[in-house]
Each structure stands twice: as C-alpha cells, then as structure tokens.
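Engineer: Attaching a predicted model along with its sequence, questions to come.
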Protein chains: 2
Amino acid sequence: MNGRFQIAVHILTLLHSAGGESLSSDFMAGSININPVLVRKELSSLRKAGLVQSKEGHTGGYSLAKPAKQISMADVYKAVEQAPLLGKARNTPNPACTIGKQINQHLNTLNKQLNDAVIKQLGYQTLEQFCNQFK
Amino acid sequence: MNGRFQIAVHILTLLHSAGGESLSSDFMAGSININPVLVRKELSSLRKAGLVQSKEGHTGGYSLAKPAKQISMADVYKAVEQAPLLGKARNTPNPACTIGKQINQHLNTLNKQLNDAVIKQLGYQTLEQFCNQFK
DNA sequence: TGTACTGTAATAAAAAAAATTACAGATGAA
DNA sequence: TTCATCTGTAATTTTTTTTATTACAGTACA
C-alpha cells in the first residue's frame, strides 16, 4: 500500500499556500519529508493530469495549473490512483473451479461501482476547501 | 497493497456455494490458488467478525455463520480492511512546516469520510446477491 | 558560462505481502 | 485407543512492492 495520494495532496496544498509563487521539488520534499525524486515523479503525474504546471531552468519550479477552487479531491485521486481500491489480488484463481473461473470478473464489477462512488464522494470537496482547514 | 478483500469474498462465495456443507481450508486454497495458511488466517478474521464458523478435528471445516442474505459486502470489508483506503503514507511530514504539521490530521478526516461512503456503498450489496451472479 | 532547476532512467535498500515450515490441539474413524 | 484429518498459530523465508539514491541530460537565467 503506497502513499501517493497523500503525497499528491501535500504537494498541492503546499503549492496553494505559496499563493502563485512557484516552489522547487527540493523545497516540497523537505516539508513532506521524502526523497525529491519521488516528489518530481508525483508532480509529473499531476502535470499530465493538468493540475500543476512546471518550468525548467534556473528560476524554474512548480505551481498550480488552475485555481484550487477548480480542483476537486476526485481530480487528485484520478491523477494518482492506479490500483483498485480494495486491493489487488496476486493470485490466479483456479480456472477448473466454477467459482474461481468467474470471481475476478464479478470482483472487477464491484470495484468499478465502488470506484464511481469514491469519485463522487471525493468530488464534493475542492482543494481550496481542504486548504482552508489549515490555520 | 494486499488482496485480503478479494480472498475473503472468494472464501465466502465458496462457502455459500457449498450450501451448508463445510469446506476445508485446503480445498478453498485450491480454488483461490494461494497458500492454505493464508486462507486459515483470513478465515480467522471472518470468524472473529461473526461471518463464518469453524469446527476443528477430523470432520472439521468451515461454513457460513449466517445466511448470505444477512451478510453485506460492507461486513466483509469491515472484517478484513485495516489500512486506509487511499493508502498509508510512511513519511513523517516536517513538523517545522505549517502544512506538514497539520496535514495528517486533515487527511485522516478525509479518509474517515471516504470510509463511511465506501461502507455505505458496499452495504447495498449482500453476499447472496453477489453469489447469484455466478452461473 | 556556470548555477539552479526539471525530467527520467537505473539501481539499491527497505518494507510489506505471501509462502512455507512447523507443530500443538481437536475430533472422529478405524 | 490410536491414527488420520482437520483447525489454529507462530516463526521464518521468499517474493514483490515501495521508497531512496545515484546519475545525468536538458533548460533557463543570472
């Protein structure tokens, strides 16, 4: 179980708190307390999802690509989550068994329904609302 | 990310399909295609949650502790899930940073809200309904 | 033109998950 | 009664995943 979502939220919160100023991956790594390369990797996902923008070179860094009001926690989730919510089984059920043969298909359906519910729930909260909790 | 939920559902589906007959952990391990000890560990959680019952000894084995109609997918989730849905960060954010100092608290709140939503969603489906999908 | 960045790839180290081994205890069958 | 077949766990090893580290090419500005 990894912590990509947490890291992504932490990054976005830092960027929002910077109020438009751009931040470097090294600076953010210091607040999150993880390796800067991981931060850049996460930022790469967030950039591809259109949530942050980056600038290379001397005065480079990262900033939000759009107002925090227009970024929902569902957007963050969609940007970083890859594995099914309820975990991913590494086994291959016995195809000679009636249950084993079909179970993955039904579990996938369940996972999809749940994923939709989670995205809906996370869609209720914006990054701005999340950040406003900080005093 | 582990596959405990999948395994638990697989176990319960097998037990339901057995129609009251008890099954051994070895038999179930064969359908799921994982180690029998893992199956017994999972069954241990399910037993503690009141979803299955077991009998030791020669003609021992496992069976459902109540009708599949009275077991919801939320019950299964609650019986086996331990880690937060969106993953668990292993870092300790920098306490000298305003954001770092508070972020875990706010992420926990978010996680709790999401957990409630997931339990609600999973509560809509019973084990019986899940099993009825199998042909 | 050198310094401070981003962007990745490749590799190593650490942590988590799963498999395996081992064995005590229960229960019914031979 | 004793043996075979189970459950229930603990301890250990193996495998897989996650995170950290190293390395370096490319960009932009001072």
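Structural biologist: Ah, there it is.

Engineer: ok, which stretches of chain A are helices?
Structural biologist: Ranges of helices within chain A are A:4-17, A:25-32, A:36-48, A:73-80, A:98-122, A:127-132, based on DSSP state H.

Engineer: and B:Ile34, which of the ones you listed is closest to it?
Structural biologist: When the helices of chain A are compared by C-beta to C-beta, helix A:98-122 sits nearest B:Ile34, at 11.1 Å. To be clear about C-beta, it is placed using only N, CA and C from the backbone, and glycine gets the same treatment.

Engineer: Any part of that closest one near DNA strand C?
Structural biologist: No - Helix A:98-122 stays clear of DNA strand C (C-beta under 7 Å from any atom of the strand), getting no nearer than 13.6 Å.

Engineer: for that helix, packing partners?
Structural biologist: When contacts are defined as 3 or more C-beta pairs under 8 Å, 6 or more residues apart in numbering or on different chains; DSSP states H and E, helix A:98-122 packs onto helix A:73-80, helix B:4-17, helix B:25-32, helix B:98-122.

Engineer: and the ones you listed, which is most packed in?
Structural biologist: helix B:4-17 (a mean of 24; mean count of other C-beta atoms under 10 Å in any protein chain shown).

Engineer: The closest residue to A:Leu107 other than its chain neighbours and A:Gln6: what is the separation?
Structural biologist: Computed as C-beta to C-beta, 6 or more residues apart in numbering or on different chains, the closest residue to A:Leu107 that is not its neighbour in sequence is B:Gln6, at 5.7 Å. Going from B:Gln6 to A:Gln6 by C-beta to C-beta, to the nearest Å gives 24 Å.

Engineer: Report the contact partners of the residue nearest to A:Ala117 when sequence neighbours are not counted.
Structural biologist: Leaving aside its sequence neighbours, A:Ala117 sits nearest to B:Gln121 (C-beta to C-beta, 6+ apart; 4.1 Å). The contact partners of B:Gln121, taken as C-beta atoms under 8 Å, 6 or more residues apart in numbering or on different chains, are A:113-114, A:117.

Engineer: what about 10 Å?
Structural biologist: A:110, A:113-118, A:120-121, B:73-74, B:77 (C-beta atoms under 10 Å, 6 or more residues apart in numbering or on different chains).

Engineer: could those go into CSV alongside distance to B:Lys66 and pLDDT?
Structural biologist: Formatted as CSV, the contacts of B:Gln121 follow (distance: C-beta to C-beta, whole Å; pLDDT from 0 to 100):
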residue, distance to B:Lys66, pLDDT
A:Leu110, 21, 98
A:Gln113, 24, 97
A:Leu114, 23, 97
A:Asn115, 29, 97
A:Asp116, 29, 97
A:Ala117, 26, 97
A:Val118, 28, 98
A:Lys120, 31, 98
A:Gln121, 29, 98
B:Met73, 15, 98
B:Ala74, 15, 98
B:Tyr77, 17, 98
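
Engineer: Return the nearest residue of chain A with respect to DNA strand D.
Structural biologist: A:Gly57 (1.9 Å; C-beta to the nearest atom of the strand).

Engineer: nearest to B:Arg47, of the helices of chain A?
Structural biologist: Of the helices of chain A, nearest to B:Arg47 by C-beta to C-beta is helix A:98-122, at 20.2 Å.

Engineer: tally of neighbours for A:Asn94?
Structural biologist: 16 (other C-beta atoms under 10 Å in any protein chain shown).

Engineer: And for A:Lys41?
Structural biologist: A:Lys41 has 14 nearby residues by other C-beta under 10 Å.
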